[in-house]
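Enquirer: I would like the atomic coordinates for the input below:
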Amino acid sequence: MPRAPSEWFRNKRWSTEIEQSFFTRLARSRTQRDQNLVIQAVELVDSRPDVALRLIEVYFESRTEPFHDSRAWNAKASALQRLGEIEASVEAYRSTLEVEASQPGVQTGARVEYPYLVALHQIKKHYSHALETAEANSNDIAFPINRFKLCAARAIILGSLGRLALAKAAAEEALRAADETQSEFRHHRQLGLVRDDHKDAMSQLRRIASA
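Expert: Now for the predicted structure:
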């Protein structure tokens with residue numbers, strides 16, 4: 001079923017025909033060209049991370065102003081992570097956070113995803129900054145998944161640094177977040193719960209909590 005004209009920059013699939021149509025419409029965009037380019041990249045991060053990266057490259061090469069930079073960097077980080085390029089993903093998340101520090105009006109999930117990624121992959125050269133980021137955002141408790149990732153990052157990094165009592169407390173808090181079956185949002189009770197794709201983290205957390 002063809003997409004509505006207003007959704008031409010939200011394609012979930014990609015092909016030569018879709019690409020041609022997208023760039024034709026993009027060329028006609030005036031005030032929202034940068035935004036539409038980033039939105040389309042975000043839509044393709046999971047299904048076509050390679051295309052998402054290409055679109056982000058186009059964005060940075062042609063953007064008219066930097067307002068969407070944080071979302072662009074965050075999309076790049078997510079796409080790189082999807083492709084298994086972890087070190088590059090971490091650097092892109094750091095760039096996202098740098099932009100957000102100077103443009104606090106536009107926030108992404110980098111403050112959660114960055115420390116979690118660093119902790120899971122034990123990238124020790126970034127431990128200090130990742131721990132600082134996780135602790136600075138420890139009040140980001142809107143969703144159980146955010147609380148889980150931030151606490152898990154703290155637990156794993158603190159454990160690696162030998163700060164075992166603090167690591168144990170953070171691990172226990174992360175596990176409590178993982179057990180939650182409802183979010184705090186009245187009309188979106190199933191949104192932001194911890195799913196089954198965090199088995200590696202859960203294993204580490206249980207080990208830390210039981211120490």
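
Enquirer: how does this protein divide into domains?
Expert: Domains of the chain are assigned by automatic domain parsing as 8-108, 125-211.

Enquirer: export the helix or strand that contains A77 to CSV, keeping only CA atoms.
Expert: Take DSSP states H and E as the rule and A77 turns out to sit in helix 69-82. Extracted C-alpha coordinates of helix 69-82, given in CSV (Å, rounded to 0.1, in the frame of the first residue of the first chain):
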residue,chain,number,x,y,z
ASP,A,69,22.7,17.6,14.8
SER,A,70,22.0,15.8,18.0
ARG,A,71,19.3,13.5,16.4
ALA,A,72,21.6,13.0,13.5
TRP,A,73,24.6,11.9,15.6
ASN,A,74,22.3,9.7,17.7
ALA,A,75,20.9,8.0,14.6
LYS,A,76,24.5,7.5,13.4
ALA,A,77,25.5,5.9,16.8
SER,A,78,22.5,3.6,16.7
ALA,A,79,23.1,2.5,13.1
LEU,A,80,26.8,1.8,13.8
GLN,A,81,25.8,-0.2,16.9
ARG,A,82,23.4,-2.2,14.8
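
Enquirer: buried residues in whatever helix or strand comes next after that helix?
Expert: Remark: after helix 69-82, the chain's next helix or strand is helix 86-102, criterion DSSP H and E. For helix 86-102, burial by neighbour count (16 or more other C-beta atoms under 10 Å) applies to 88-97, 99-100. C-betas here are computed from N, CA, C, even on glycine.

Enquirer: next one: stretch 67-75
Expert: So, applying 16+ other C-beta under 10 Å, buried residues of stretch 67-75: 68-75.

Enquirer: show me what whichever strand or helix holds A119 is packed against.
Expert: Secondary structure assignment for A119, by DSSP H and E: helix 110-120. Counting contacts by 3 or more C-beta pairs under 8 Å, 6 or more residues apart in numbering; DSSP states H and E, helix 110-120 packs against helix 69-82, helix 86-102, helix 127-136, helix 144-160, helix 199-209.

Enquirer: mind redoing it with 6 Å?
Expert: Applying 3 or more C-beta pairs under 6 Å, 6 or more residues apart in numbering; DSSP states H and E, one finds that helix 110-120 makes contact with helix 86-102, helix 127-136, helix 144-160.

Enquirer: need the ones you listed in a markdown table (columns: distance to R48 and mean pLDDT).
Expert: Putting the helices and strands packed on helix 110-120 into a markdown table (distance: least, C-beta to C-beta, whole Å; pLDDT from 0 to 100) gives the following:
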| stretch | distance to R48 | mean pLDDT |
| --- | --- | --- |
| helix 86-102 | 16 | 97 |
| helix 127-136 | 28 | 97 |
| helix 144-160 | 24 | 97 |
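
Enquirer: any chance of those helices in TSV, plus distance to D197?
Expert: Below are the helices and strands packed on helix 110-120 laid out as TSV (distance: least, C-beta to C-beta, whole Å):
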stretch	distance to D197
helix 86-102	16
helix 127-136	20
helix 144-160	11
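
Enquirer: circling back to that earlier point, what does the helix holding A119 rub up against?
Expert: For helix 110-120, the external contacting residues (C-beta atoms under 6 Å, 6 or more residues apart in numbering) are 74, 93, 96-97, 126, 130, 133-134, 137, 146, 149-150, 153, 156-157.
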